[in-house]
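> Compute the structure for the input listed below.
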Amino acid sequence: FDEAWSILNDRFYDPNFHGKDWEKLKQTYKPWALSASTSQDYRYIMNWMLGQLNASHMGVYGSDPEKTQRERTARLGVEVKPLSKGVEVMHVVANSAAYRQKNKLEVGDVILAVNGKKVESNGNFYELLEGEADSEIWLTVKSAEGADKDIIVRPSGSMGMLLYEEWVAERKRLVEEYSKGKLGYIHIRGMDMQSFERFERELMASGYGKEGIVIDVRYNGGGWTTDYLMAVLNVQQHAYTVPRGATDNLEKNHTKFKDYYPYSERLPLSAWTKPSVALCNESSYSNAEIFSHAYKNLGIGTLVGEPTFGAVISTGGAGLLDGSFIRVPFRGWYVKADGMNMENGPAVPDVIVPNSPDYKAKGVDEQLKKAVEVLLEELP
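The predicted structure is shown next:
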């Protein structure tokens, strides 16, 4: 306890501890921590004390001795509706186990049994998939036309990535629809190198032939690559070039090439010099918030959506004597334009618009639609 308290006493980014009396908190919580009968209870009390500072990127963590039995429900990749006999397939997730060409479930199919066990109306369909992840299972199915068929599938234990890709594909389709093909769309899943490299590829693919691009950092958990993104989006043309063969009269026609510059040859990263708009929401965290602040305050474009979460501190950590670990916020982040602390100071969009709770079920995206409208108005 004393070790953890001392580490934060020396290294917490705010020497005034967000207005709390750090010494007094020690006197209050130490007797409770010493009374803890297990390491879990000790960490629970420690995190209560840390919670008084109302700061992100912080906590005490450690392993627990208990072993619990984990159950894994197999994921077919379908949304179903219960019937009096079986369940009806309402949607099939692209590239999931149920989407395979040879053994494919179709919308309207009714699953009557799993491995010979009937799907009862008073039972739980997912009980029949318990423990079957990564195993071949046999589905008895009646097609929408009434034909009986047997399907063998190997369901996975997780659908997170496939559902994410499906969500992104639908955002792209919506932008295409909302903008009548004028704009491209990129979602940045995290502020890491994998996401940044995907952003570069998407910039060339989704942005090719478009008049502008929608950049989406909603549901982005953070990381560290904001400055890479700023390098891509902050490029300004300082010259124009005309290669041999472009015109037969350089002196007379060179001004026709004012928009041409060989960025791909000259920059270490891809570049985007056309108009853009950015989207953030309450589930944009940490470095995604830094990106949102930067995008807005550097005047790159209009920021649309909901205010971000407000959790921005550089964090490190230290191991403690008992083998546990304490995460330590050591460096504060402030907006240069107005001096606002980004910790508990969210990035507030220029245009605030909420999404309805059932936006996905409705097949719409109000925030995305507004972002498209804003960018279309800003196009030259």
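> ok, and what's touching the helix or strand harbouring residue 291?
Secondary structure from DSSP states H and E places residue 291 in helix 287-297. If you take Cβ atoms under 8 Å, 6 or more residues apart in numbering as the criterion, helix 287-297 is touched by 188, 191, 215, 217, 220-226, 229-230, 233, 278, 280, 284, 300-301, 303, 308-312, 333, 335-337, 342, 346-347, 349-350. For glycine as for every other residue, the C-beta is placed from the backbone atoms N, C-alpha and C.
> Could I have the PyMOL command that selects the buried members from those?
Those of those that count as buried under 16 or more other Cβ atoms under 10 Å are selected in PyMOL with:
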select buried, resi 188+191+215+217+220+222+223+225+226+229+230+233+278+280+284+300+301+303+308+309+310+311+312+333+335+342+346+347+349
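> Can you flag which of the contacts of helix 287-297 belong to strands?
Cross-referencing those against strands under DSSP state E gives 215, 278, 280, 303.
> Please report how far the residue nearest the centre of the chain lies from residue 106.
By Cα atoms, centre = their mean, the mean C-alpha position of the chain lies nearest to residue 220, the distance being 3.1 Å. For residue 220, the distance to residue 106 equals 34 Å [Cβ to Cβ, to the nearest Å].
> And residue 256, by the same measure?
54 Å.
> for the protein, longest helix please?
Taking DSSP state H as the criterion, the chain has its longest helix at helix 160-179.
> Dig out what residue 186 forms beta bridges with.
Beta-bridge partners for residue 186, by DSSP bridges, are residue 215.
> Would you map the strands across the stretch 1-150 of the chain?
For the stretch 1-150 of the chain, the strands defined by DSSP state E, counting those that start in this stretch occupy 59-61, 78-82, 87-92, 110-114, 117-118, 137-142, 148-153.
> Give the pairing partners of the last one; include direction for each.
What it means is strand 148-153. strand 137-142 (antiparallel).
> List of residues touching the partner strand?
Strand 137-142 has contacts (Cβ under 8 Å, 6+ apart) with 74, 86, 105, 109-116, 129, 148-155.
> Just name whatever secondary elements the least confident helix or strand in the chain by mean pLDDT is in contact with.
Scoring the helices and strands of the chain by mean pLDDT, DSSP states H and E places helix 263-266 at the bottom, with a mean of 73. Helices and strands touching helix 263-266, by 3 or more Cβ pairs under 8 Å, 6 or more residues apart in numbering; DSSP states H and E: there are none.
> Counting neighbours, which bits of that helix end up buried?
Result for helix 263-266 [16+ other Cβ under 10 Å]: no buried residues.
> Distance from that helix to the middle of the chain?
Relative to the chain's own centre, helix 263-266 is displaced by 30 Å; criterion: Cα atoms, centre = their mean, to the nearest Å.
> Likewise for stretch 120-127?
Relative to the chain's own centre, stretch 120-127 is displaced by 33 Å; criterion: Cα atoms, centre = their mean.
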